[in-house]
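>>> mind folding the following:
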Amino acid sequence: MFKRILSIGILLLIIAIGLFQKDELLHLVKQGGGLSILISMLLVAICVFFPVIPFPVLAGTIGAVFGTSQGMIVSLTGAMLGTMAFFFLSRYGFRDFAQQKLMNYPKVQEYDEFLNKNSFVAILTCRLIPIIPAPVVNIVCGLSHVKWLTFFTASLIGKIPNILLLSYAGALFSNNKLYSFGIYGVYLIIIFIINFIIIYRKQANKSLD
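Purely as a prediction, here's the structure:
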């Protein structure tokens with residue numbers, strides 16, 4: 001009971017900050033400085049739960065403020081804080097709710113079976129190629145028997161390419177907007193093609209069966 005109450009309190013706090021303070025927080029991010037780093041991490045962590053600001057926009061802004069390397073570290077740290085909080089809330093705070101949520105994604109059961117066989121590869125694959133929405137991955141892993149360290153490591157590695165690219169594009173944005181959009185656009189096209197191939201091959205295999 002205490003875990004449930006604590007989890008609800010944390011969740012309500014995250015919602016309140018995300019909904020009512022996002023503009024102020026984003027303004028502080030753009031100012032730069034030490035406080036801006038902490039605020040940036042907090043805002044990224046909130047967006048893991050509720051995308052009050054589209055993540056590409058937020059990560060790109062952070063990259064523009066801090067540069068590619070520092071921007072990537074800031075965004076990655078915030079993303080992992082939010083991801084691990086989501087994982088632990090699913091595992092210990094809202095287990096019943098999380099199980100009901102997964103009922104809306106019947107195909108996730110296939111992923112759950114793969115997860116049980118090779119959790120690290122399964123999580124890493126879903127982070128690199130987002131076939132399944134990230135919140136669903138967090139919930140499934142929270143409900144499973146995956147060790148938190150395995151989840152953390154695979155998620156960390158899997159998030160790096162996207163965040164690095166967004167930080168780099170953001171850092172270039174003020175000098176070359178077209179090139180900045182082009183870089184991320186090509187990345188999205190590649191991800192789309194990979195997703196299309198995977199889905200097409202699955203459908204083709206089902207047709208043969």
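
>>> ok, longest helix in the protein?
helix 177-208 (DSSP state H).

>>> now do the buried residues in that one.
By 16 or more other CB atoms under 10 Å, the buried positions in helix 177-208 come out as 180, 183-184, 187. Yep, even glycine has a C-beta here, placed from its N, CA and C like the rest.

>>> closest to G158 out of these?
G158 lies nearest to Y187 out of the buried residues of helix 177-208, by CB to CB, at 14.3 Å.

>>> returning to that earlier point: what is the longest helix of the chain packed up against?
helix 55-66, helix 148-173 (3 or more CB pairs under 8 Å, 6 or more residues apart in numbering; DSSP states H and E).

>>> quick revisit: mind putting the buried residues of helix 177-208 into CSV with pLDDT and distance to A122?
CSV is the format used below for the buried residues of helix 177-208 (pLDDT from 0 to 100; distance: CB to CB, whole Å):
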residue, pLDDT, distance to A122
S180, 79, 33
I183, 83, 28
Y184, 81, 26
Y187, 84, 22
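
>>> looking at the residues you listed, which two lie furthest apart in space?
With CB to CB as the measure, no two of the buried residues of helix 177-208 lie farther apart than S180 and Y187, at 11.6 Å.

>>> V140 contacts A122, correct?
No - using CB atoms under 8 Å as the test, V140 is too far from A122 to be in contact (9.4 Å).

>>> list the contacts of the closest residue to A169 other than its chain neighbours.
For A169, ignoring the flanking residues on the chain, the nearest one in space by CB to CB, 6 or more residues apart in numbering is S180 at 4.5 Å. By CB atoms under 8 Å, 6 or more residues apart in numbering, S180 lies in contact with 60, 169-170, 172-173.

>>> for the buried residues of helix 177-208, which one is nearest F50?
When these are ranked by distance to F50 (CB to CB), Y184 comes first, at 22.3 Å.

>>> hang on, isn't the closest one packed against L166?
Yes - contact criterion CB under 8 Å: Y184 and L166 qualify, at 6.7 Å.

>>> still on that earlier bit, which of the helices and strands packed on helix 177-208 is buried the deepest?
helix 55-66 (a mean of 22; mean count of other CB atoms under 10 Å).

>>> any idea how far that one is from the chain center?
14 Å (CA atoms, centre = their mean, to the nearest Å).

>>> in JSON lines: the helices and strands packed on helix 177-208, plus distance to I73 and mean pLDDT.
Below are those laid out as JSON lines (distance: least, CB to CB, whole Å; pLDDT from 0 to 100):
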{"stretch": "helix 55-66", "distance to I73": "8", "mean pLDDT": "92"}
{"stretch": "helix 148-173", "distance to I73": "9", "mean pLDDT": "93"}
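
>>> can you redo the ones you listed as CSV with distance to V48?
Output for those, formatted as CSV (distance: least, CB to CB, whole Å):
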stretch, distance to V48
helix 55-66, 9
helix 148-173, 10
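
>>> for T83, find the nearest of the ones you listed.
Taking those one by one with CB to CB, helix 148-173 is closest: 5.5 Å.

>>> check which helices and strands that closest one sits against.
helix 55-66, helix 68-88, helix 119-128, helix 177-208.

>>> which stretches of this protein have low pLDDT?
1-8, 11, 15, 18-20, 96-114, 199-200, 202-209 (pLDDT under 70).

>>> how many residues are close by the nearest residue to F88 once chain neighbours are set aside?
Nearest-residue entry for F88: G142, 7.1 Å, with adjacent residues in sequence omitted and distances by CB to CB, 6+ apart. Using other CB atoms under 10 Å, G142 has 21 other residues around it.
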